[in-house]
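Asks: task: produce atomic coordinates for the following.
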Amino acid sequence: MTAPTGPLVAVCLRVTDLRPEVDRLTGAVRRDPLGVGLTPADAAALELGLRLAETWSARVVALTAGPSSVDPVLREVLALGVAVVRVPDGGEDDGHGYTAELAGDEGGLARTLAAALAPFGPPDLVLCGDRSADRGTGALPAYLAHELGAAQALGLVSLSAGDPAAGRHLVGERRLDAGWRERLRIPLPAVCSVEAAGVRLRRAPLTGVLDAADRPVPVNRSLPVAAATGPGAGSGGAAVHLGGSRPFTPRPRVLPPPAGDDPRRRLLALTGALAAHDPPTVVAPADAAGAADVLLAFLARHGYLPEADGDAR
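Replies: Numbers count the residues shown, from 1 in each chain. The predicted model follows:
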């Protein structure tokens with residue numbers, strides 16, 4: 001089968017729970033399949049892709065990796081007239097498992113998504129959100145640029161087509177410190193990640209919504225993400241072992257037994273109530289040199305530094 005011709009704009013979407021719950025004690029992340037959706041950054045990437053496709057008369061394809069619970073969100077993308085491909089990430093009923101995903105490698109995910117784009121032909125532009133709501137590393141666009149051999153421009157706040165007279169290219173802006181902006185001339189093919197900076201996804205027409213309601217979401221089952229991103233598939237090839245998650249517990253300290261037979265005095269000795277403590281010292285000398293002398297003398301007095309004769313400096 002020959003690949004379709006013409007410009008191609010691809011949008012890599014991260015469809016996940018928009019409000020994942022994080023256990024404050026263990027750090028475990030729980031995601032609800034009923035809360036999945038597009039993050040503002042992913043929605044902005046899709047809208048920019050549609051705008052650029054209109055300018056170039058290009059095709060648009062959106063692809064994602066996830067279980068079957070993301071299909072309702074992908075049907076909303078289908079309603080916009082965008083071709084959609086989903087790559088299953090392991091079991092279809094895994095409910096967005098998070099721990100196994102962290103053991104993977106986003107480089108493997110990028111290889112899988114690049115392979116899923118192959119039937120459509122080489123993309124002229126790949127758009128992504130700058131970071132997801134749950135994992136938030138922002139590394140996938142850079143890996144995709146490496147796999148596709150394309151230029152990369154990450155963290156953009158605006159993106160538009162450049163002057164056609166100067167050759168087909170993009171003009172993007174990204175934030176710098178102190179309110180400055182950096183303007184980039186981006187050659188094609190390119191991979192760009194965008195922020196949700198004032199870009200809002202358009203509404204799908206009613207005819208598109210009705211047409212997409214009963215359409216099946218295409219699934220590329222020949223490229224399971226688990227085979228590309230599982231343990232041992234990273235760039236270093238080292239296997240990742242996942243143990244059980246539990247609260248951090250500091251190691252116990254070994255204390256000498258208190259002397260004497262009086263229970264009260266033994267308890268006071270264990271708690272340190274009988275030990276003499278230095279009162280707190282407020283370091284507020286007139287200059288920095290005096291403050292350094294006080295701090296060095298404190299460290300030397302408590303055994304962190306050797307005692308020095310004369311000036312502590």
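Asks: how far away is Asp262 from Ala273?
Replies: Going from Asp262 to Ala273 by Cβ to Cβ, to the nearest Å gives 13 Å. Where you see a C-beta, it was placed from the backbone N, CA and C, and this is true even at glycine.
Asks: in terms of contact, does Ser132 touch Arg14 like I think?
Replies: Yes - if you go by Cβ atoms under 8 Å, Ser132 and Arg14 touch, sitting 4.2 Å apart.
Asks: identify the contacts common to the two.
Replies: 39, 42 (Cβ atoms under 8 Å, 6 or more residues apart in numbering).
Asks: is the residue nearest to Val73 when sequence neighbours are not counted in a bridge, and if so with what?
Replies: Distance criterion Cβ to Cβ, 6 or more residues apart in numbering; nearest residue to Val73, sequence neighbours excluded, is Val15 at 5.0 Å. Counting by DSSP bridges, Val15 is bridged to Leu38.
Asks: what's the neighbour count on Val15?
Replies: Using other Cβ atoms under 10 Å, Val15 is surrounded by 25 other residues.
Asks: and Cys12, what does it touch?
Replies: Contacts of Cys12 by Cβ under 8 Å, 6+ apart are 45, 62-64, 113, 126-128, 140-141, 144.
Asks: distance of the most far-flung residue of the chain relative to its centre from Gly49?
Replies: In the chain, Asp261 marks the outermost C-alpha relative to the chain mean, sitting 59.4 Å out by Cα atoms, centre = their mean. Shown here: Asp261 relative to Gly49, a distance of 80 Å by Cβ to Cβ.
Asks: repeat for Val199
Replies: 11 Å.
Asks: any idea where the strands of the stretch 51-200 of the chain begin and end?
Replies: Under the criterion DSSP state E, counting those that start in this stretch, the stretch 51-200 of the chain contains strands at 59-65, 83-87, 125-129, 151-161, 169-175, 181-187, 190-194.
Asks: tell me the angle of the lengthiest helix in the chain relative to strand 169-175?
Replies: What stands out as the longest helix in the chain, according to DSSP state H, is helix 40-56. Helix 40-56 runs at 150 degrees relative to strand 169-175, counting by axes from the mean of the first three to the mean of the last three Cα atoms, to 10 degrees.
Asks: what is the orientation angle of helix 40-56 with strand 190-194?
Replies: Per the same axes, to 10 degrees, the angle that helix 40-56 makes with strand 190-194 is 130 degrees.
Asks: can you tell me what sits against helix 40-56?
Replies: With Cβ under 8 Å, 6+ apart as the test, helix 40-56 has contacts from 7, 9-15, 38, 58-60, 62, 77, 80, 82, 124-125, 127-132, 159-161, 168, 170, 193-197, 199-202.
Asks: Pro258 should be in a strand, yeah?
Replies: No - assessed with DSSP: H, G, I helix; E, B strand; the rest coil, Pro258 is coil; it does not lie in a strand.
Asks: domain parsing of this protein, as residue ranges.
Replies: According to automatic domain parsing, the chain comprises the domains 8-229, 250-313.
Asks: wait, isn't His169 in contact with Ile186?
Replies: Yes - assessed by Cβ under 8 Å, His169 is found in contact with Ile186 at 6.1 Å.
Asks: ok, the two, which is more surrounded?
Replies: Ile186 (20 against 16).
Asks: list the contacts for Ser132?
Replies: 14, 16, 39, 42.
Asks: do Val36 as well
Replies: Applying Cβ under 8 Å, 6+ apart, the residues near Val36 are 15-18, 66, 69-70, 72-73, 96.
Asks: next step: these restricted to helices.
Replies: 72-73.
Asks: tabulate the contacts of Val36 (TSV), appending distance to His302 and pLDDT.
Replies: Shown next, in TSV, are the contacts of Val36 (distance: Cβ to Cβ, whole Å; pLDDT from 0 to 100):
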residue	distance to His302	pLDDT
Val15	55	81
Thr16	50	76
Asp17	49	75
Leu18	50	75
Gly66	55	80
Ser69	58	80
Val70	58	83
Pro72	63	85
Val73	59	86
His96	51	44
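Asks: can you say which of the contacts of Val36 are buried?
Replies: Buried subset of those (neighbour count, 16 or more other Cβ atoms under 10 Å): 15-18, 66, 69-70, 73, 96.
Asks: so which of the contacts of Ser132 comes closest to Val282?
Replies: Thr39 (47.7 Å; Cβ to Cβ).
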